[in-house]
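Student: I'll drop the sequence and a predicted model, then ask my questions.
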Amino acid sequence: MPRYEYRCRTCDDTFEVSRPMAESSAPADCPAGHADTVKLLSAVAVGGTGGAPAPAMRGGGGGGGCCGGGGCG
């Protein structure tokens, strides 16, 4: 179940609420009972270039092919 982060405008406390995505925009009271809260935006960190991972280098490098990049003949 997704977790959403909120901040209370009354006491300035930050807290999280687990709820279904269908209820993501519903208001949430802070743990101290205050109703004046705001939902915070969450940033998701995604690393990499978006492609497939690079293959591991075997045998100390080289260009590829059956024998490490040399002229197979």
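Tutor: Yes, it's here. Given the structure is predicted, the values throughout are model-derived calculations rather than measurements.
Student: Regarding Arg3, what are the backbone dihedral angles?
Tutor: In terms of degrees, to the nearest 10, the main-chain angles of Arg3 are phi -110, psi 130.
Student: got a list of what it touches?
Tutor: With contacts defined as Cβ atoms under 8 Å, 6 or more residues apart in numbering, Arg3 is in contact with 16-18. Using the backbone N, CA and C atoms, a C-beta is placed for each residue, glycine as well.
Student: give me that answer again for 6 Å
Tutor: Shown in contact with Arg3 (Cβ atoms under 6 Å, 6 or more residues apart in numbering): 16, 18.
Student: Kindly state the beta-bridge partners for it.
Tutor: Beta-bridge pairing for Arg3 (DSSP bridges): Ser18.
Student: can you give me the helices in this protein?
Tutor: Under the criterion DSSP state H, the chain carries no helices.
Student: So which residues of it form strands?
Tutor: For the chain, the strands defined by DSSP state E cover 3-8, 14-18, 37-39.
Student: separation between Ala22 and Glu16?
Tutor: Plainly put, Ala22 is 18 Å away from Glu16 if you go by Cβ to Cβ, to the nearest Å.
Student: where does the chain have low pLDDT?
Tutor: Counting by pLDDT under 70, the chain has low-confidence residues at 44-73.
Student: please redo it, this time with the cut-off set to 80
Tutor: 42-73 (pLDDT under 80).
Student: residues touching Glu16, list them.
Tutor: Glu16 is in contact with 3, 5, counting by Cβ under 6 Å, 6+ apart.
Student: at 7 Å what do you get?
Tutor: 3-5 (Cβ atoms under 7 Å, 6 or more residues apart in numbering).
Student: Please apply the same query to Asp29.
Tutor: Shown in contact with Asp29 (Cβ under 7 Å, 6+ apart): 35, 37.
Student: redo that, cut-off 10 Å
Tutor: Going by Cβ atoms under 10 Å, 6 or more residues apart in numbering, Asp29 touches 6, 8, 15, 17, 35-37.
Student: okay if I get these as a markdown table plus distance to Ala28 and neighbour count?
Tutor: Listed next are these as a markdown table, based on distance: Cβ to Cβ, whole Å; neighbours: other Cβ atoms under 10 Å:
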| residue | distance to Ala28 | neighbour count |
| --- | --- | --- |
| Tyr6 | 5 | 18 |
| Cys8 | 9 | 20 |
| Phe15 | 8 | 15 |
| Val17 | 5 | 19 |
| Ala35 | 9 | 11 |
| Asp36 | 11 | 12 |
| Thr37 | 6 | 20 |
